[in-house]
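Trainee: only the shape, not the letters, is given here:
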């Protein structure tokens, strides 16, 4: 092997802490729903653009698929009561607003989550994984809340029957306070999403590492769906009181601060009232987490299946000329270098023969080299 190969920058490999781009497996255990398709590592950050596309698709799919459960939960949390808010009628009221806010909100969340996670892992490669996942999830949740809040306000007003159509809801909310009315409940939404993300995503990443035996193999979308379902249901159960306060503020029935509103609910209806809509919320998050993370992992696998050949093709174009030139130059260099090497050996052997010997073993070695 040429000693100079070790000093060439093109041949150096970055340390493992810096190789945070996706890796692919060439085995047959892929990442499809039933083990087919390209596989990806659960602990490595995918490209930013792919995370945005997959997050938008996953968010749209889950918000539309289980929208009736969210409507039931919203009506149970309404101070007017379940039946007065619509009961089981019109369970898809507001689904258009939900779909319009879901895609950009999910795309922004996963884009910020994966980007923040990558930056944190690059700056602190040996830091605590749980803190890294939780911090990245909080950053993504905050950004997503700001973007999605107007759509959620319109959606929930339509869910409880305040407005019948999307255009009517938009005009009605705007007439209440202009642009600021679309951001009612933003602070409590962020206050809910931060602990929710702080619980859900570190648990999700931990369950993924548990399923893959510490990232010894690739995560499949079906496994990702199961991990997301468990993590989502646990986080939903812990943050139900905050979700109740968020719903009442968005419906326009809460005009006080969070602490004052909480004390008023407890004094009037008891502590159990803070967990109104607990069952549909946990069920919604369990089913939603299964669909959301399953679709996310499936979309990511499909997108990586397109991204990988293009990446390899680009790398081939960038490196086609250099190895050919170097490989062509290596034999010439070696042939040119061989005569000086043999001449130096002959000079060394002649000098050893002329020098006095200090031991018989050295003489025998010099004669063998000659």
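Mentor: Great, that's in hand. The structure presented is a predicted model; accordingly, all values stated were derived computationally and were not measured. Numbers count the residues shown, from 1 in each chain.

Trainee: any stretches of the stretch 1-150 of the chain with poor pLDDT?
Mentor: 1-46, 124-127 (pLDDT under 70).

Trainee: so what's the backbone phi/psi at residue 77?
Mentor: When quoted as degrees, to the nearest 10, the phi and psi of residue 77 stand at phi -90, psi -10.

Trainee: I meant to write residue 219 there.
Mentor: Backbone torsions of residue 219, given as degrees, to the nearest 10, read phi -80, psi 140.

Trainee: state which helix of the chain is the longest.
Mentor: helix 278-319 (DSSP state H).

Trainee: next helix or strand past the helix or strand containing residue 200?
Mentor: In this assignment (DSSP states H and E), residue 200 forms part of helix 186-211. For helix 186-211, the following helix or strand on the C-terminal side (DSSP H and E) is helix 221-238.

Trainee: buried sites along that next one?
Mentor: By neighbour count with 16 or more other Cβ atoms under 10 Å, helix 221-238 contains the buried residues 221-237. For every residue, glycine as well, the C-beta is placed using N, CA and C.

Trainee: who does that helix touch, helix- and strand-wise?
Mentor: helix 186-211, helix 278-319 (3 or more Cβ pairs under 8 Å, 6 or more residues apart in numbering; DSSP states H and E).

Trainee: return the most buried member of these.
Mentor: Ranked by mean neighbour count, the helices and strands packed on helix 221-238 are led by helix 186-211 with a mean of 21 (mean count of other Cβ atoms under 10 Å).

Trainee: report the rounded mean pLDDT for that one.
Mentor: Mean pLDDT, helix 186-211: 88.

Trainee: and the angle for it with helix 278-319?
Mentor: With axes from the mean of the first three to the mean of the last three Cα atoms, to 10 degrees applied, the angle from helix 186-211 to helix 278-319 works out at 70 degrees.

Trainee: okay, the angle between helix 186-211 and helix 221-238?
Mentor: Going by the same axes, to 10 degrees, helix 186-211 is angled at 140 degrees with respect to helix 221-238.

Trainee: and the longest helix of the chain, what other elements does it pack with?
Mentor: Applying 3+ Cβ pairs under 8 Å, 6+ apart, one finds that helix 278-319 contacts helix 48-65, helix 67-77, helix 221-238, helix 240-250.

Trainee: ok, now with 6 Å
Mentor: Secondary-structure packing of helix 278-319 (3 or more Cβ pairs under 6 Å, 6 or more residues apart in numbering; DSSP states H and E): helix 48-65, helix 67-77, helix 221-238.

Trainee: look up how far residue 70 lies from the residue lying closest to residue 54 once chain neighbours are set aside.
Mentor: In space, and not counting its chain neighbours, residue 54 is closest to residue 299: 3.9 Å by Cβ to Cβ, 6 or more residues apart in numbering. Here residue 299 is placed at a distance of 22 Å from residue 70 (Cβ to Cβ, to the nearest Å).

Trainee: try residue 60
Mentor: To residue 70, residue 60 is 14 Å away according to Cβ to Cβ.

Trainee: neighbour count for those two, which is higher?
Mentor: More crowded of residue 60 and residue 70, by other Cβ atoms under 10 Å: residue 70, with 24 against 21.

Trainee: check which helix or strand residue 155 maps to.
Mentor: Taking DSSP H and E as the criterion, residue 155 maps to helix 129-159.

Trainee: quick check: angle from that helix to helix 240-250?
Mentor: Counting by the same axes, to 10 degrees, helix 129-159 lies at 40 degrees to helix 240-250.

Trainee: residue 49: how many residues sit nearby?
Mentor: 11.

Trainee: roughly how far apart are it and residue 107?
Mentor: 10 Å.

Trainee: and if you look at residue 299?
Mentor: As defined by Cβ to Cβ, residue 299 lies at a distance of 11 Å from residue 107.
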